[in-house]
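Engineer: Here's a sequence, model it:
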Amino acid sequence: MTGDQATGWGGRIRRHALRVQHIAGVITVFMALVVMGGWFSRNASVVQIYHEFAPMQFNTALGFLWVGASLCLIRRPWGRFHGLMGIALVTLGTASVSQYIFHIDLGIDELIVKPFTTVRTSHPGRMAPNTAICFVLSGLAFLCVGTRRIDGAACIGAMIMALGLVSIFGYLSGVDSAYGWGDLTRMALHTSVGFVLVGLGLVLELVTTESFTRANFRVVSVVVALLSLTCSLAIGQALLAERGRTAMTDLHRDAGRVASDITLMLGQTLGALERFAYRAVEAVGDPEQAAYRVEDSAHYLEDFTGLTRLTWIDLQQGSRWTHDREHGGENVPPLPEERALAQKLRSQGANGAFVGEYHPAASGVGATMVLGIAVSAKHGDGQGILIAVLGAEEFFPPVLAHTSPAQRLSLRIQGMDLYSQEPAAGQLLLPRFVAWSAASIPGGTLQVELTATRAFVRAESSRIIYVVLIGGFLISGLLVLSTHLAVRSWRAQEALQHQYSRHRLVVNHLPAMIAAFDANNRLIFANAPFVALLGATSEQEILGGTPRELLGPYYYEVAQHLQRALKGDMVRYEVTLDAGRDHERRLETQLVPHRHAGGAVDSYYVLVLDVTEERESARRLEENTERLRRFSGLAIGREERMMALKEEVNQLLRELNRDDRYTPVQLKSSDSEATRPGDT
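Structural biologist: Numbers count the residues shown, from 1 in each chain. Predicted structure coming up:
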């Protein structure tokens, strides 16, 4: 990773991720040491946090110590250390969960510390099964870290984090099934927080690695999908389990209520019959009162639902009368069940207690309850037996009117089906949702059995379960999509930052001074030479400044050029700056307007070249050229005079009749060749 990349988005995220990862490891180690100290010092507030919460077991704290140490040292290239820690965690978690599966005790739960609290703990000292599974996953993750399979470690970390979040959700929402499975040991609250930190640290390992490439970006989407899907499925499963627990609770409550209602209704009926029996036995020997009781029995048959027959037997006089709802009259023949019950009551004597027998109805539908009581007069010697016959099909429906139509009700006594109420048509029974209750009635114990249907279980829950599941999948998809887009954006920003850094490096080393001003004449860009030209130390010092503020008195020399640039004209001009110490700088400036899609000018660029040396070189070249021209003119005049002088010499020699001293060739040559050797 280059320095430019390290200063971009990727570098900042990696630095923050490393910091968070280290903090998560330190907190995990600290929490483990505090809880272990709490077990040794028998401090319940440290071990449990709250007296109704499950404690973090000592072995759990030991596992967190290993996990936290591995997390703190995860950046070290100690593959063997991470591998050993992974094997230790897998062994600890597997040993703990195998005790639940195979119903065995390996002796590891109380090996170091004997627990002093067992709140919400099925086996003293044993970590929760979901805690053990999280340690197995943690071990596998660190094995992946040891072999540098960071992708696998991050995916496993997402699942660990999700299980911890679901457990925290259970504590916050009161959904017991989110942090506990069945009746087994519950995961402690600080255990849940610890696994969230561990999972977060493992997930961040994907970002902190130096080989974070485009392939790793795809894994980020997978990690987010695993995290959200695991949370959704775990919360949905917890809510479903909680729904089942609630349904069973309500089913047991309904069964108890049915037994209570039957006991109450039957008690009221038996109380009325008992009062009737005592009035009848007191009327023995009084024909007028006896006739009145016979008529009163007809009212009883009308007032009490299910009462179909009343029989009174006067043991003292040997008389008997029966009132039947269907036949009426007194000369109704006794039923075999009545004879058997009367014989039983005679043998027991007049003890004032009801005796009951139950038989299938003669019609083949339902059952018949035959209840009898033998009483003796409180004033006199009268004794008698009252036998009442109740039809179950008529007696129980009013009592069970409030029973849910989504339940199947069965009443049994003495191994016989006394009454049953089927659910509404089309309802599917769920055999695992069955509740029992019992009620003591004359002749035995009435067993109440309620079986729930799918409609009842659904009715006991809210649609929020399905909302959570469907919403979880939708949120997972949205998170994956948003993560994918965010990762692509991050990657694009990092590439853009890297490209910008390279371009900035090139622009800062160009021999030209470059700047840009917006439509409001505010500086929005300046390269290093332009910053130096204005005497600033950094670009930040001058950004946002106007030409008037930046150029000072020189602004008035260039103001008209700047206005032309804002109007869309390309302008080129030169300006001279005082550089001090009798020096001047000559700058050639070009203004290039920039137009947006609408055609209007939204900014313009300033390209400045320092042409001082070029202009000085041109001046010197001109001076040297002039000097050369003058020197050349002087040299050419001398040559012509020499040639004329040679011609005069030859002319004088001809006049003296001598030979020419200079040949025609010598007349055109330079003066260095004018005199031959030996001439005088």
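Engineer: just the helices in the stretch 1-150 of the chain please.
Structural biologist: 3-6, 9-41, 44-48, 58-72, 79-102, 129-146, 150-173 (DSSP state H, counting those that start in this stretch).
Engineer: Quick one: closest of these to residue 537.
Structural biologist: Among these, helix 3-6 comes nearest to residue 537, with 21.0 Å by Cβ to Cβ. (C-beta placed from N, C-alpha, C; glycine too.)
Engineer: can you tell me which helix or strand the residue nearest the centre of the chain belongs to?
Structural biologist: The residue lying closest to the centre of the chain (Cα atoms, centre = their mean) is residue 228, at 5.3 Å. Secondary structure assignment for residue 228, by DSSP states H and E: helix 214-282.
Engineer: what angle do that helix and helix 129-146 make?
Structural biologist: 170 degrees (axes from the mean of the first three to the mean of the last three Cα atoms, to 10 degrees).
Engineer: now helix 214-282, how far from the chain's geometric center?
Structural biologist: With Cα atoms, centre = their mean, to the nearest Å as the basis, helix 214-282 stands 29 Å off its chain's centre.
Engineer: next SSE after it?
Structural biologist: On the C-terminal side of helix 214-282, the closest following helix or strand by DSSP H and E is helix 287-303.
Engineer: Mind giving me the packing neighbours of that next one?
Structural biologist: If contacts are counted by 3 or more Cβ pairs under 8 Å, 6 or more residues apart in numbering; DSSP states H and E, helix 287-303 sits against helix 214-282, strand 307-314, strand 320-324.
Engineer: The last one packs against which elements?
Structural biologist: What that stands for is strand 320-324. helix 287-303, strand 307-314.
Engineer: and these as JSON lines, adding mean neighbour count and mean pLDDT?
Structural biologist: As requested, the helices and strands packed on strand 320-324 are exported to JSON lines (neighbours: other Cβ atoms under 10 Å; pLDDT from 0 to 100):
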{"stretch": "helix 287-303", "mean neighbour count": "14", "mean pLDDT": "76"}
{"stretch": "strand 307-314", "mean neighbour count": "23", "mean pLDDT": "86"}
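Engineer: What mean pLDDT does the helix holding residue 228 get?
Structural biologist: Helix 214-282 shows an average pLDDT of 79 in the prediction.
Engineer: now swap in stretch 439-448 and tell me
Structural biologist: On average, stretch 439-448 scores 86.
Engineer: buried set for that stretch?
Structural biologist: Residues 439, 441, 442, 443, 444, 446, 447, 448 are the ones in stretch 439-448 that count as buried (16 or more other Cβ atoms under 10 Å).
Engineer: my guess is the second one contacts residue 355, does it?
Structural biologist: This points to residue 441. No. In this structure residue 441 lies outside contact range of residue 355 using Cβ atoms under 8 Å: 11.1 Å.
Engineer: which residues do the two both contact?
Structural biologist: With contacts defined as Cβ atoms under 8 Å, 6 or more residues apart in numbering, no residue is shared by residue 441 and residue 355.
Engineer: can you tell me which residues contact residue 432?
Structural biologist: Contacts for residue 432 (Cβ under 8 Å, 6+ apart) come out as none.
Engineer: secondary structure element for it?
Structural biologist: Assessed by DSSP H and E, residue 432 sits inside strand 429-441.
Engineer: got the angle between that strand and helix 214-282?
Structural biologist: Strand 429-441 runs at 30 degrees relative to helix 214-282, counting by the same axes, to 10 degrees.
Engineer: Can you show me the helices along the stretch 551-680 of the chain?
Structural biologist: Assigned by DSSP H, counting those that start in this stretch, the helices in the stretch 551-680 of the chain fall at 555-566, 612-655, 664-668.
Engineer: among these, which is nearest residue 490?
Structural biologist: Residue 490 lies closest to helix 555-566 among these, at 37.5 Å (Cβ to Cβ).
Engineer: Using CSV, write out every CA atom in that closest one.
Structural biologist: The C-alpha coordinates for helix 555-566 follow below in CSV (Å, rounded to 0.1, in the frame of the first residue of the first chain):
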residue,chain,number,x,y,z
TYR,A,555,-4.9,43.5,-9.2
TYR,A,556,-5.7,46.7,-11.0
GLU,A,557,-3.3,45.8,-13.8
VAL,A,558,-5.1,42.5,-14.5
ALA,A,559,-8.7,43.3,-13.5
GLN,A,560,-9.9,43.9,-17.0
HIS,A,561,-8.4,40.6,-18.2
LEU,A,562,-10.1,38.7,-15.4
GLN,A,563,-13.5,40.3,-16.3
ARG,A,564,-13.0,39.2,-19.9
ALA,A,565,-12.3,35.6,-18.8
LEU,A,566,-15.5,35.6,-16.8
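Engineer: tell me the average confidence for that helix?
Structural biologist: pLDDT averaged over helix 555-566 gives 88.
Engineer: same deal with stretch 160-177?
Structural biologist: 86.
Engineer: So residue 181 sits against residue 129, correct?
Structural biologist: Yes. Counting by Cβ under 8 Å, residue 129 is a contact partner of residue 181 at 5.5 Å.
Engineer: quick one: which of these two has more around it?
Structural biologist: The neighbour comparison of residue 181 against residue 129 (other Cβ atoms under 10 Å) goes to residue 129, with 22 against 19.
Engineer: ok, the more buried one touching residue 98?
Structural biologist: No. Using Cβ under 8 Å, residue 129 is not in contact with residue 98; the gap is 10.2 Å.
Engineer: now the strands: where do they sit in the stretch 401-550 of the chain?
Structural biologist: Applying DSSP state E, counting those that start in this stretch to the stretch 401-550 of the chain gives strands spanning 407-413, 416-421, 429-441, 444-453, 513-518, 523-526.
Engineer: and the longest one, which strands flank it?
Structural biologist: Looking at strand 429-441 with DSSP bridges, its partner strands are strand 444-453 (antiparallel).
Engineer: now do the second one
Structural biologist: Paired neighbours of strand 416-421 in the sheet (DSSP bridges): strand 407-413 (antiparallel).
Engineer: quick one: contacts of the partner strand?
Structural biologist: By Cβ under 8 Å, 6+ apart, the residues outside strand 407-413 that reach it are 251, 254, 258, 262, 358, 392, 396, 400, 403, 417-423, 429, 441, 443-453, 456.
Engineer: For residue 518, name its beta-bridge partners.
Structural biologist: Taking DSSP bridges as the rule, residue 518 bridges to residue 603.
Engineer: Can you report how many residues neighbour it?
Structural biologist: For residue 518, the count of nearby residues is 16 (other Cβ under 10 Å).
Engineer: Give me the pLDDT for it.
Structural biologist: Reported pLDDT for residue 518: 91.
Engineer: Relative to residue 547, how far out is it?
Structural biologist: Residue 518 sits 12 Å away from residue 547 when distances are taken as Cβ to Cβ, to the nearest Å.
Engineer: Any chance of a markdown table for the strands of the stretch 401-550 of the chain, columns distance to residue 309?
Structural biologist: Shown next, in a markdown table, are the strands of the stretch 401-550 of the chain (distance: least, Cβ to Cβ, whole Å):
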| stretch | distance to residue 309 |
| --- | --- |
| strand 407-413 | 19 |
| strand 416-421 | 18 |
| strand 429-441 | 18 |
| strand 444-453 | 21 |
| strand 513-518 | 106 |
| strand 523-526 | 106 |
